[in-house]
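> Mind folding the following:
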Amino acid sequence: MGRRACTAAAPRHWASWLRAAIHETGLQEPLIDVLLAHGARIDAQGAGNAHARVNGCLANGRPDAAEYLASRGAPLDLESASGVGRLDLVQSFFNPYGSLKSPATTVQLKDGFTWACEYGRTDVVEYLLDRGVDAGEVLPRPHKQTGLRWAAHAGHLDTVKTLLKRRPRVDLRDASFGATPLGWALHGCWEATGRGSGAKRTLLRDRRATRRRRFFH
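Take a look at the predicted model:
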């Protein structure tokens, strides 16, 4: 890599390091408080791709910040309410017979289901499945993968079990990386010791059961 390329990459590298350092040192919430105290708008759009604040946190792997902003009064739509586990608000976006209320959209529903799976909001996942979300659907964002992939990678065993009850394909390879949910569970274990091990065992059992059903039927 040439000098110019290294120079261009440096700001992105340091920005990524700084975000991680703020999160890991416990400065994230105090820094949010300081920014809000000095006039930062909690209801403004623009957190990456014109996201609302909470939605931007969810899309960038910062569920703790998303929850904290929600607790400070940040507005929540169906997507963000699902991602921070606010089942009471999620329910308010549906009519009694199960259809969405305006202004909730199908895009928010699918993105919210993605974050609920990734961050282990099992009660929200189950509620959305009961409202017609397909456990095996390839979700549009961010990498065209299934909810099972997101739950398995993050090691959320209860969420994985909830999804497996609906019999999604466990051998489906995603279009972005060519990996199965089991592969993502293993990857999660490598990323953080012990993380994902319960999800990995559950997926292994279900994969063996799937093979037996295909053999005998």
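
> Return the host helix or strand of His187 as PDB; C-alpha atoms alone will do.
In the assignment (DSSP states H and E), His187 maps to helix 181-191. Extracted C-alpha coordinates of helix 181-191, given in PDB (Å, rounded to 0.1, in the frame of the first residue of the first chain):
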ATOM      1  CA  PRO A 181     -25.600 -20.000  10.600                       C
ATOM      2  CA  LEU A 182     -23.400 -22.700  12.200                       C
ATOM      3  CA  GLY A 183     -20.400 -21.200  10.500                       C
ATOM      4  CA  TRP A 184     -21.300 -17.800  11.900                       C
ATOM      5  CA  ALA A 185     -21.800 -19.300  15.400                       C
ATOM      6  CA  LEU A 186     -18.200 -20.700  15.200                       C
ATOM      7  CA  HIS A 187     -17.000 -17.300  14.000                       C
ATOM      8  CA  GLY A 188     -18.600 -15.700  17.000                       C
ATOM      9  CA  CYS A 189     -16.800 -18.200  19.200                       C
ATOM     10  CA  TRP A 190     -13.500 -17.200  17.700                       C
ATOM     11  CA  GLU A 191     -14.200 -13.500  18.000                       C
END
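
> list the buried ones in stretch 144-153?
Buried positions in stretch 144-153, judged by neighbour count with 16 or more other C-beta atoms under 10 Å: Gln145, Thr146, Gly147, Leu148, Arg149, Trp150, Ala151, Ala152, His153. Where C-beta positions appear, they are placed from N, C-alpha and C, glycine not excepted.

> Check stretch 101-116 too.
Per 16+ other C-beta under 10 Å, stretch 101-116 contains these buried residues: Ala104, Gln108, Leu109, Lys110, Asp111, Gly112, Phe113, Thr114, Trp115, Ala116.

> Now do that stretch: distance to the chain's middle.
12 Å (C-alpha atoms, centre = their mean, to the nearest Å).

> and what of stretch 37-54?
Relative to the mean C-alpha coordinate of its chain, stretch 37-54 is positioned 19 Å out (C-alpha atoms, centre = their mean).

> Other residues contacting that stretch?
For stretch 37-54, contacts defined as C-beta atoms under 8 Å, 6 or more residues apart in numbering pick out 36, 55-57, 59-60, 66, 69-70, 72-77, 80, 83-84.

> Pull out the buried members of those residues.
55-57, 59, 66, 69-70, 74, 76-77, 80, 83-84.

> what about the helix holding His187, average pLDDT?
Mean per-residue pLDDT for helix 181-191: 80.

> And stretch 158-169, by the same measure?
Rounded mean pLDDT across stretch 158-169 is 95.

> and what of stretch 88-98?
So the average pLDDT for stretch 88-98 ends up being 96.

> do stretch 130-139 as well
95.

> And that stretch, how far out from the chain middle?
14 Å.

> returning to that earlier point: can you flag which of the buried residues of stretch 101-116 belong to helices?
Residues of the buried residues of stretch 101-116 located in helices (DSSP state H): Gln108, Leu109, Lys110, Asp111, Gly112, Phe113, Thr114, Trp115, Ala116.
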